[in-house]
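S.K.: Curious how this folds, go ahead:
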Amino acid sequence: MMRSLLTATLVLVLVGAAMADLPQPRRAKLIAFTDPGLEFIQSNPEAVERAPIDGVNIRAVGREGEKRVRLEEAVFSEKAIRYEQFEEWVAQARATDFRTWTDNFLCVYVVPGDMDWFGDCAALMNNIRVAARVAREAGLKGIFLDCEPYGFSLWDYRTVAHPEKSFEEYYQQIRRRGEEFARAMYGEWPEMTLMLTFGYKVADRANLKEHNYGLYGAFLDGLFVGSPEEAEIIDGWEMSYGDRTREDLLEGYWWVRRGGAAVSGVPDEYLKKVRAGFGLWPDVTDRDDPFEWNAEDFSRNYYSPSEWRSLVRSALETTDGYVWIYAWRPDLCTGEKWYPEYREATREAKESLYGLSSAELDEWARWPLTEEFAREYELIVALPEEWRFRLDPYGRAMNWHLPELDDSEWHPVVAGEEWQQQLPIRGLTGVGWGRVRFEVPAECAGRRLYLWFGACDEEGDVYLNGRYVYTWTNDFQRGWETPFAVEVTDAVLPGQENVLAVRVRAASGLGGVFKRVYLYAER
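M.R.: Below you'll find the predicted structure:
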């Protein structure tokens, strides 16, 4: 954003990553399960910019002579593939400008799944190494593993190749294969991100011997054991198909983060590495439901545009990192049958309050925001206007988010004016910290609590009582002056003094938290 033609001679170095002892923030991303193809992405930059997503689930296509080799259907197979078959596709992917699609995954299905778990699985291990290399060399984020066997019986003990072997023998063997699979995959690319369509929930059954996912938990056990200590394995929680409320999503979130440990055979590894995502389906349908995908009468659809906007926003606010969208009839990438009302609802969910005028944004920055908002939420406390500020010239502050830090010698600033305008040297750019102390009534214990920031210029990592809770990024037009909400229920200390710390980064004028902050609760 442009501040002034006059700039200070002092220019600070921006540091991209916080020091190791600070929590590392992640911004939630929205991924389309479908793939429009590299040719479409290269030829239709306007469509890419228009699609309100952060990435796609890409299908790599190789060659074996004149025959096409679809990598997503070639990994879980008895036949080995070679990286050289996909070199041409990798080069094309590397030459593709994905624009705003920054988090793209390589799609891998578990079909045909014709391996003998007790036989030679060298092809499977080779193939996942090839897939990991393809994803890495193509500049993707990681692998999206669709664990549904789609008519095959990969996880069903009732159809195994060696029925003379017990269920327990198969379970332990598949766990070993899962561990080998993880070591092969991460051995090729240790830093990759792995996202699953779903985790242990489908294996949460009383009689696994009689269930088509009875052996799936064994493979997951191996994945968690065989992955590196620092790995993050995302349970994409396909079970959120059809969810309607934030409460539905929260129930799923806590099952992933806590409940899954009771089903996992390796609960310690699971709790350390699992992360929760969500799968959403805008045009939910099956053979028994009455819903359509109607362009004119939205009441015939499973979600109205406003319901869809609310669900997407709730999912993005709840997930640990990713929300993915499967759609049967609309195409989120090309825009075909992705009706404008739903596309804009998705964009609005990602970019809350996006597109309002400066005057409207300023109105939203002052409590009670709107009459409708005030009917649903109660103001608990308006945080003090006076904050304490300190410059972090090299971005190396190691403990400035901790509540016990003595900030009495920091420079006083007020939350009604840009920080850089209140400092001895005007026009500062770089990294700075602001801190403010406030009391929370003891009666707030047990209530869901939120902080409402009137604005943060330009980006900020938010910490409450030493705990990281959120990152605000200036990644859309006028984000620097857009209000935003942060749930802080788990970080608030009712009946005590609370310390809010914000690490602000700015490339052009360190405006900081230059509008009021409010603590509020659901009525």
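S.K.: just checking, what packs against the top helix by length along the chain?
M.R.: Scanning the chain for the helix with the most residues, using DSSP state H, yields helix 167-188. On a contact count with 3 or more C-beta pairs under 8 Å, 6 or more residues apart in numbering; DSSP states H and E, helix 167-188 meets helix 122-137, helix 216-226. Just so you know, the C-beta spots here come from the backbone N, C-alpha and C atoms, and that holds for glycine as well.
S.K.: could I have the first one exported to CSV, CA atoms only?
M.R.: Spelled out, that is helix 122-137. The C-alpha trace of helix 122-137 is given here as CSV (Å, rounded to 0.1, in the frame of the first residue of the first chain):
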residue,chain,number,x,y,z
ALA,A,122,8.8,-53.7,-4.4
ALA,A,123,6.7,-52.1,-7.2
LEU,A,124,4.5,-50.2,-4.6
MET,A,125,7.5,-48.8,-2.8
ASN,A,126,9.2,-47.9,-6.1
ASN,A,127,6.0,-46.2,-7.3
ILE,A,128,5.5,-44.0,-4.3
ARG,A,129,9.1,-42.9,-4.5
VAL,A,130,8.5,-41.9,-8.1
ALA,A,131,5.3,-40.1,-7.1
ALA,A,132,7.1,-38.2,-4.4
ARG,A,133,9.9,-37.2,-6.8
VAL,A,134,7.4,-36.1,-9.4
ALA,A,135,5.6,-33.9,-6.9
ARG,A,136,8.9,-32.4,-5.6
GLU,A,137,10.4,-31.7,-9.0
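S.K.: picking up where we left off before, just the helices and strands packed on helix 167-188: most buried one?
M.R.: Of all those, helix 216-226 carries the top mean neighbour count, a mean of 24, counting by mean count of other C-beta atoms under 10 Å.
S.K.: Adjacent strands (with direction) for the next helix or strand after that one?
M.R.: Sequence-wise, the next helix or strand downstream of helix 216-226 (DSSP states H and E) is strand 233-235. Strands adjacent to strand 233-235 in the sheet, as given by DSSP bridges, are strand 193-196 (parallel), strand 274-276 (parallel).
S.K.: Nearest to residue 70, out of those?
M.R.: strand 193-196 (19.4 Å; C-beta to C-beta).
S.K.: Residue 469: how many residues sit nearby?
M.R.: 20 (other C-beta atoms under 10 Å).
S.K.: and it, what element?
M.R.: Counting by DSSP H and E, residue 469 is found in strand 467-472.
S.K.: Mean pLDDT added to the strands paired with strand 233-235, as a markdown table?
M.R.: A markdown table is the format used below for those (pLDDT from 0 to 100):
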| stretch | mean pLDDT |
| --- | --- |
| strand 193-196 | 98 |
| strand 274-276 | 95 |
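S.K.: want to throw those strands into a markdown table with mean neighbour count and distance to residue 116?
M.R.: Shown next, in a markdown table, are these (neighbours: other C-beta atoms under 10 Å; distance: least, C-beta to C-beta, whole Å):
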| stretch | mean neighbour count | distance to residue 116 |
| --- | --- | --- |
| strand 193-196 | 22 | 23 |
| strand 274-276 | 22 | 29 |
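S.K.: Could you point out which of the ones you listed sits nearest residue 50?
M.R.: Ranking those by their distance to residue 50 (criterion: C-beta to C-beta) puts strand 193-196 first, at 24.6 Å.
S.K.: Now do the closest one: distance to the chain's middle.
M.R.: Relative to the chain's own centre, strand 193-196 is displaced by 11 Å; criterion: C-alpha atoms, centre = their mean, to the nearest Å.
S.K.: Equivalent analysis for stretch 142-151, please.
M.R.: With C-alpha atoms, centre = their mean, you get 19 Å for stretch 142-151.
S.K.: residue ranges for the helices of the chain, please.
M.R.: Here the chain has its helices, by DSSP H, at 38-43, 45-50, 87-94, 122-137, 167-188, 216-226, 246-257, 267-273, 305-318, 340-350, 358-364, 371-376.
S.K.: Might you list the low-confidence residue ranges for the chain?
M.R.: Counting by pLDDT under 70, the ranges of the chain that qualify are 1-27, 287, 351-362, 426-427, 474-479.
S.K.: how does it divide into domains?
M.R.: Using automatic domain parsing, the domain parsing of the chain gives 33-350, 358-522.
S.K.: one step back: Serialize the strands paired with strand 233-235 to a markdown table and add fields for distance to residue 231.
M.R.: Formatted as a markdown table, the strands paired with strand 233-235 follow (distance: least, C-beta to C-beta, whole Å):
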| stretch | distance to residue 231 |
| --- | --- |
| strand 193-196 | 7 |
| strand 274-276 | 10 |
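S.K.: Just the buried positions in stretch 32-46, please.
M.R.: Going by neighbour count (16 or more other C-beta atoms under 10 Å), the buried part of stretch 32-46 is 32-36, 38, 41, 44.
S.K.: which residues touch that stretch?
M.R.: For stretch 32-46, the surrounding residues in contact (C-beta atoms under 8 Å, 6 or more residues apart in numbering) are 47-48, 51, 53, 55-59, 89, 92-93, 96-99, 101, 107, 144, 279, 324-327, 331-334.
S.K.: hmm, back to that, take the helices and strands packed on helix 167-188 and lay them out in TSV including distance to residue 174.
M.R.: As requested, those are arranged in TSV below (distance: least, C-beta to C-beta, whole Å):
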stretch	distance to residue 174
helix 122-137	12
helix 216-226	4
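S.K.: Wait, residue 506 touches residue 418, no?
M.R.: No: when contacts are counted by C-beta atoms under 8 Å, residue 506 is not listed as touching residue 418 (9.7 Å).
S.K.: joint contacts of the two?
M.R.: Taking C-beta under 8 Å, 6+ apart as the contact rule, residue 506 and residue 418 both touch 457, 512.
S.K.: more neighbours, the two?
M.R.: When residue 506 and residue 418 are compared on other C-beta under 10 Å, the one with more neighbours turns out to be residue 506, at 27 against 20.
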